[in-house]
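> sequence unavailable; structure follows:
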């Protein structure tokens, strides 16, 4: 019987952010990396990963898929993953629930930028 | 009866990344913002948000919670949310499944950085 | 009689990088800021200033002068200055002669990217 | 006879920023790169170079010279140069006199952050 909590259908428990939080904790713990993973250092590492992502787009017109070759697409995929992994770790070390924070921010944005006709 | 898919317990469907993808799409669509949301522009916006996050930590020793006041903590929470929201949108525009990409990257990292004793 | 070393014609000694190095040293010293100005912190501050600069361009087509209003132009001018000021301080703290390093890098670039027909 | 304008003693005319502006213009022109060098793209490239610089410091305590090996020191020197080269080009494309802008910004900073006892 399919597990109703396996919403992504990959045999792993939901929610992605919770799953990645647990996995990155175990990964850092097994390597004794917590000592390096201060919020400040994670924020700096996050900046570096975002720049590696941006590098793929810097000389392009828009970065639409047809402007990218397979190597760039693969690089972008990996850099997007790196950004998410550092983001999850920084939120964890800062005691922030990313899901709740993002939903709250979207609610604030809806007030700040009202939709035309809304 | 509690919906078994409501894994976060906030009455919204699981998975956070899927939920945010749908919501950011609808948000941009209602404001006719897709024209600005090229992958290149989203990558640039993501860099800017990450820097706003890093700004909170730049002169601190480690950025541990006790070095932060309430205003900084609130700012960090909002910036973490902004980073996630742009990340989800950039992945969506680039056709990347963030969950699959992150799990794949963690598997690659486990090979690249073997745990001692593993 | 005009001072031949006053090459910028503003009554101050040449070279801009030397002038700014001396002035930023005195500025930080008068405020007891050297304790915060580690190379790591200055690199982080530099990233933040560059992002504030990039923010002016993120939703524009090319950032050409005609796409900018007076407020954006003034902001860009100030952010360019901030980037230079942190760059000079980081080079100073790292013991790097920026002029020599830049000329050396241009020579390396000329080999790496030969001009067509050269 | 020594040229009084050769204030750096390397046989090249003063001022570094003017010298680099002329050289980067000629370099881009010889390679037909102006088409890529929009202010927006240069701002993005500048962000990427600053992140490559920051990467050297991300896991260190302070980035003081004794924490760095020769390879890191060499890398930092090259990245500092790259940042300066893109900064000069972006200022040039934006019509900003970097020297005047930096001196003006320092004057504003002196008002914003008065020195104790001053």
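Thanks, I have the structure now. All figures in this text were calculated on a predicted structure; none of them were measured in a lab.
> chain D contacts on chain A?
Remark: the part of chain A in contact with chain D comprises A:36, A:41, A:44-45, A:47-48, A:50-52, A:54-55, A:57-59, using C-beta under 8 Å from any C-beta of the partner chain. Any C-beta I mention is one placed from the backbone N, CA and C, and that applies to glycine too.
> just the buried ones from those?
A:41, A:44-45, A:47-48, A:50-52, A:54-55, A:57-59 (16 or more other C-beta atoms under 10 Å in any protein chain shown).
> which one of the residues you listed is nearest chain D?
Using C-beta to the nearest C-beta, residue A:51 comes nearest to chain D of those, at 3.1 Å.
> wait, that closest one sits on residue D:47?
Yes: Residue A:51 is within contact range of residue D:47, at 5.9 Å (criterion: C-beta atoms under 8 Å).
> what residues do these two have in common as contacts?
Common contact partners of residue A:51 and residue D:47 (C-beta atoms under 8 Å, 6 or more residues apart in numbering or on different chains): residue B:47.
> quick check: closest non-adjacent residue to the most centrally placed residue in chain A.
With distances taken as C-alpha atoms, centre = their mean, residue A:84 lies nearest the centre of chain A, 2.0 Å away. Nearest residue to residue A:84 in three dimensions, chain neighbours excluded: residue B:102, at 5.0 Å (C-beta to C-beta, 6 or more residues apart in numbering or on different chains).
> coming back round to it: and which of the buried ones among the residues of chain A next to chain D is nearest residue D:98?
Residue D:98 lies nearest to residue A:58 out of these, by C-beta to C-beta, at 21.6 Å.
> let me know the secondary structure of that closest one.
coil (DSSP: H, G, I helix; E, B strand; the rest coil).
> residue D:41 is in contact with that one, correct?
Yes: contact criterion C-beta under 8 Å: residue A:58 and residue D:41 qualify, at 6.0 Å.
> thinking again about what came up before, could I get the average pLDDT for the host helix or strand of the residue nearest to the centre of chain A?
If you go by DSSP states H and E, residue A:84 is part of helix A:70-93. The predicted model gives helix A:70-93 an average pLDDT of 98.
> and that helix, what does it pack onto?
If you count contacts as 3 or more C-beta pairs under 8 Å, 6 or more residues apart in numbering or on different chains; DSSP states H and E, helix A:70-93 packs onto helix A:16-30, helix A:39-55, helix A:98-112, helix B:39-55, helix B:70-93, helix B:98-112.
> would you format these as a markdown table with distance to residue B:9 included?
A markdown table is the format used below for the helices and strands packed on helix A:70-93 (distance: least, C-beta to C-beta, whole Å):
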| stretch | distance to residue B:9 |
| --- | --- |
| helix A:16-30 | 12 |
| helix A:39-55 | 27 |
| helix A:98-112 | 10 |
| helix B:39-55 | 27 |
| helix B:70-93 | 19 |
| helix B:98-112 | 20 |
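> out of these, flag the one nearest residue C:97.
Proximity to residue C:97 (C-beta to C-beta) singles out helix A:39-55 among the helices and strands packed on helix A:70-93, at 25.5 Å.
> got the angle for that closest one vs helix D:39-55?
Put simply, helix A:39-55 runs at 140 degrees to helix D:39-55, going by axes from the mean of the first three to the mean of the last three C-alpha atoms, to 10 degrees.
> quick check, helix A:39-55 touching chain B?
Yes: Helix A:39-55 lies within reach of chain B by C-beta under 8 Å from any C-beta, at A:39, A:40, A:41, A:43, A:44, A:46, A:47, A:50, A:51, A:53, A:54.
> verify the stated contact: the third one with residue D:59.
Going back to what we said before, that points to residue A:41. Yes: counting by C-beta under 8 Å, residue A:41 touches residue D:59, with 6.1 Å between them.
> low-confidence ranges, chain A, go.
A:1-7, A:13, A:118 (pLDDT under 70).
> kindly report the residues of it close to chain C.
With C-beta under 8 Å from any C-beta as the criterion, chain A meets chain C at residues A:40, A:44, A:47.
> which one of those is nearest to residue C:67?
The closest of those to residue C:67 turns out to be residue A:47 (C-beta to C-beta; 26.5 Å).
> does that closest one touch residue B:50 like I think?
Yes: counting by C-beta under 8 Å, residue A:47 touches residue B:50, with 5.1 Å between them.
> how many residues are close by residue A:104?
Residue A:104 has 14 neighbours, counted by other C-beta atoms under 10 Å in any protein chain shown.
> surely it touches residue B:84?
No: applying C-beta under 8 Å, one finds residue A:104 not in contact with residue B:84, separated by 11.6 Å.
> which among the residues of chain A next to chain D gets closest to residue A:26?
Each of these was scored against residue A:26 by C-beta to C-beta, and residue A:36 proved nearest at 16.1 Å.
> do you know how far the closest one is from chain C?
Counting by C-beta to the nearest C-beta, to the nearest Å, the gap from residue A:36 to chain C is 13 Å.
> skipping its backbone neighbours, what lies nearest that residue in space?
In this structure, residue A:36 finds its nearest non-sequential neighbour in residue D:59, 5.1 Å apart by C-beta to C-beta, 6+ apart.
> mind listing what the residue nearest to residue A:58 when sequence neighbours are not counted touches?
In space, and not counting its chain neighbours, residue A:58 is closest to residue D:44: 4.4 Å by C-beta to C-beta, 6+ apart. Contact analysis of residue D:44 by C-beta under 8 Å, 6+ apart lists A:54, A:57, A:58, B:40, B:44, B:47, C:54, C:57.
> mind listing what the closest residue to residue A:88 other than its chain neighbours touches?
Nearest in space to residue A:88, with sequence neighbours left out and distances taken as C-beta to C-beta, 6+ apart, is residue A:20 at 4.7 Å. Contact analysis of residue A:20 by C-beta under 8 Å, 6+ apart lists A:84, A:85, A:88, B:102, B:106.
> pretty sure residue A:110 contacts residue B:27?
Yes: using C-beta under 8 Å, residue A:110 is in contact with residue B:27, at 7.3 Å.
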